[in-house]
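Student: Could you look at this predicted model? Sequence included:
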Amino acid sequence: MSQERKLALITGASRGIGREIALRLAGDGTDVVLVSRPSEDLEQTRQACAAAGARAESWPLDLADTAALEKGIAEGIQKIGRVDYLVNNAGVTRDGLLVRMKREDWERVFAVNLTAAFLVTRGVVPSMMKARQGRIVNISSVVGLMGNAGQANYCASKAGLIGFTLSLARELAPRNITVNAVAPGFIETAMTSDLSPEAKEAPLSQVPMPRMGTPRDVAEGVRFLLSDSAAYITGTVLNISGGLHME
């Protein structure tokens, strides 16, 4: 990896929001490390980033396997030496009413959505502290701010990610490292593509802007928070929900 170019590590980068973030950063001249479960999608994203002019690596890791993830991140960071930008994007859902929710569904959602962010961040931050600069953006969700029936595990994990963001922002500010979160709303991704038109209609009817969001809408917010223009912004939650949640 070139020392002149910035390097971004993005989790959940094989598709959806993570893929769009990776492509936008690659197009800006940022080298990328893509972390996700082994899949053809991950390799396709890597190739697309390389075609955009970036040096792109893929680290096929299961973010639910905490032991393998911790080991893989440690080995990867030792190899590449540093990370300038970290985007904790990986997320899964295992929806269901609380009284019917299996413990393994609760634990898997927390493993991927929150524990993985902790492990990856802990592995990356020492290189940022040594450089006395860095940017971290955690992809939360608007339901982490407002809740949603049938998603107690997902909402709790995303709310936890916001608390994680605020605490780290205070810890790392003296080292010139900013830590922010993005809270997407109803976005066109694989998580929503399988929903029936009826299932999409109910949440969409609550969005003041008359459309679903796109991965690019979210990626542009992340891109801003990683930029020099956001150098004095830390500990904030950028709400990208088309007005679904207002404060």
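Tutor: Thanks, I have the structure now.
Student: Any figure for the gap between the residue nearest the centre of the chain and A68?
Tutor: The centroid of the chain falls nearest to N89 when counting by Cα atoms, centre = their mean (1.5 Å). Separation of N89 from A68 (Cβ to Cβ, to the nearest Å): 19 Å. For the C-beta atoms, the positions are set from N, CA and C on the backbone; glycine is no exception.
Student: How about N138?
Tutor: Counting by Cβ to Cβ, the gap from N138 to A68 is 21 Å.
Student: More neighbours: which of these two?
Tutor: Taking other Cβ atoms under 10 Å, N138 and A68 do not tie; N138 has more neighbours (26 against 12).
Student: hey, where'd the strands end up in the protein?
Tutor: Along the chain, counting by DSSP state E, strands occupy 7-11, 31-36, 56-60, 85-88, 134-139, 177-184, 237-240.
Student: Please identify the most buried of the ones you listed.
Tutor: Neighbour counts (mean count of other Cβ atoms under 10 Å) averaged over each of the strands of the chain peak at strand 85-88, with a mean of 28.
Student: Which strands or helices does that strand pack on?
Tutor: When contacts are defined as 3 or more Cβ pairs under 8 Å, 6 or more residues apart in numbering; DSSP states H and E, strand 85-88 packs onto strand 7-11, helix 16-27, helix 116-131, strand 134-139, helix 215-226.
Student: Swap in 6 Å and give it another go.
Tutor: Counting contacts by 3 or more Cβ pairs under 6 Å, 6 or more residues apart in numbering; DSSP states H and E, strand 85-88 packs against strand 7-11, strand 134-139.
Student: Kindly reformat the ones you listed as CSV and extend each row with mean pLDDT and distance to P215.
Tutor: CSV is the format used below for the helices and strands packed on strand 85-88 (pLDDT from 0 to 100; distance: least, Cβ to Cβ, whole Å):
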stretch, mean pLDDT, distance to P215
strand 7-11, 98, 12
strand 134-139, 98, 11
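Student: Nearest to R175 among those strands would be which one?
Tutor: Within the helices and strands packed on strand 85-88, the stretch nearest R175 is strand 134-139; the backing value is 7.7 Å (Cβ to Cβ).
Student: Also compute the angle for the longest helix along the chain relative to strand 134-139, please.
Tutor: Criterion DSSP state H: the longest helix present in the chain is helix 152-172. Counting by axes from the mean of the first three to the mean of the last three Cα atoms, to 10 degrees, helix 152-172 lies at 160 degrees to strand 134-139.
Student: Helix 152-172 relative to strand 177-184, how many degrees between them?
Tutor: If you take the same axes, to 10 degrees, helix 152-172 sits at 160 degrees to strand 177-184.
Student: Give me the buried positions along helix 152-172.
Tutor: Applying a neighbour-count criterion of 16 or more other Cβ atoms under 10 Å, one finds 152-162, 164-166, 168-169, 172 buried in helix 152-172.
Student: Retrieve the pLDDT associated with K200.
Tutor: pLDDT, K200: 67.
Student: Okay, and the beta partners of L9?
Tutor: Here L9 shows beta-bridge partners V33, L86, assigned using DSSP bridges.
Student: any idea how far it is from T178?
Tutor: Applying Cβ to Cβ to L9 and T178 gives a distance of 16 Å.
Student: can you check M128 too?
Tutor: Using Cβ to Cβ, M128 is found at 10 Å from T178.
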